[in-house]
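Novice: Okay, sequence plus prediction incoming.
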Amino acid sequence: MDLIIADTPSQLGEDAAALITDQVRRQPNTVLGLATGSSPLPVYEHLGRHRGTDFSSVTCFALDEYVGVAAEHPQSYRRFIADRIAGPLGIAPGRVHVPAGDAQDLDAACAAFEESIAEAGGVDLQILGIGRNGHLAFNEPGSAFSSRTRPVRLTEDTRRVNARFFDSLGHVPTHAVTQGLATIMEARRLLLVAQGADKAAALVQALEGPVTEAFPASIIQRHPHATVIADSAAAALLNSASAATVA
């Protein structure tokens, strides 16, 4: 595992964007896995400044989506991706795939999403964030390492954290559709980004703790090609052995 510690969230975004653009320049038809939430925001902001990179042949797969939230809802992840990633980077809507949280048959929609990833040849580079409770995408603690894309119930902690994006906690969906941990681990490369002191405890447990379904993000220790980029606040609790791997 490669660990890069950035001084600031902005530097984190710049470092991650450089890694992503290098991938796309080498492989213009890259299949890119997209995370949403606050941690990747600096990454996408910096990506939008890389005007010399052509993203038009990139295919994107989102990690997750809320259940029961319409695509046009301001807090839907489909809207997030359209406004903050696909639009600024010139990726056509038809090349962007988001789990269908508003589907009438969620199980069938999840199976179709898995098939779409396989038909695209698999994900080349998967961007990830990390939840305070160790969730990866919306794989909450206790999620099986063998899990695939499926509907899940969100923990109250996750809902409280996400309440800042909604009018109130009562407006936060109780369920989501998420790629499973086995789905995520099939990506050829993982890029996990973490920023802020509130992610420090989660990051040290993910990178240095036991690999356990009780803390889903710990599974990245098993990936053969994972890169972690954290700002100094998020990396504050990592031990000296981890710090020695800083690029």
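Specialist: Okay, I see it. Numbers count the residues shown, from 1 in each chain.

Novice: Residue ranges in the protein under the pLDDT threshold?
Specialist: 240-247 (pLDDT under 70).

Novice: for it, what's the longest helix?
Specialist: helix 9-26 (DSSP state H).

Novice: Need the residues that contact it.
Specialist: 4, 6, 30, 32, 40-47, 49-50, 53-55, 58, 124-125, 127, 189, 191, 193, 195-196, 227, 229-231 (Cβ atoms under 8 Å, 6 or more residues apart in numbering). The C-beta positions use only the backbone N, C-alpha and C, and glycine is treated the same way.

Novice: What segments of the protein are helices?
Specialist: Using DSSP H, helices in the chain cover 9-26, 41-47, 77-81, 87-89, 106-119, 156-162, 181-185, 200-208, 240-243.

Novice: can you put those helices in TSV and add mean neighbour count and distance to P141?
Specialist: TSV is the format used below for the helices of the chain (neighbours: other Cβ atoms under 10 Å; distance: least, Cβ to Cβ, whole Å):
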stretch	mean neighbour count	distance to P141
helix 9-26	19	25
helix 41-47	21	24
helix 77-81	22	21
helix 87-89	16	33
helix 106-119	15	21
helix 156-162	16	9
helix 181-185	21	12
helix 200-208	20	11
helix 240-243	11	22
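
Novice: Can you say which of the ones you listed is nearest to V67?
Specialist: helix 106-119 (7.0 Å; Cβ to Cβ).

Novice: Report the backbone C-alpha coordinates of that closest one in CSV.
Specialist: C-alpha atoms of helix 106-119 as CSV (Å, rounded to 0.1, in the frame of the first residue of the first chain):
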residue,chain,number,x,y,z
LEU,A,106,-34.0,-2.7,-6.3
ASP,A,107,-32.6,-6.2,-6.4
ALA,A,108,-33.0,-6.4,-10.1
ALA,A,109,-31.4,-2.9,-10.5
CYS,A,110,-28.5,-4.0,-8.4
ALA,A,111,-27.9,-7.1,-10.5
ALA,A,112,-28.1,-5.0,-13.6
PHE,A,113,-25.5,-2.5,-12.2
GLU,A,114,-23.1,-5.4,-11.4
GLU,A,115,-23.5,-6.6,-15.0
SER,A,116,-22.8,-3.1,-16.4
ILE,A,117,-19.5,-3.0,-14.5
ALA,A,118,-18.6,-6.4,-15.9
GLU,A,119,-19.6,-5.4,-19.4
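
Novice: Next, the contact list for T30, please.
Specialist: Under the contact definition (Cβ under 8 Å, 6+ apart), the residues listed for T30 are 23-24, 57-59, 124-125.
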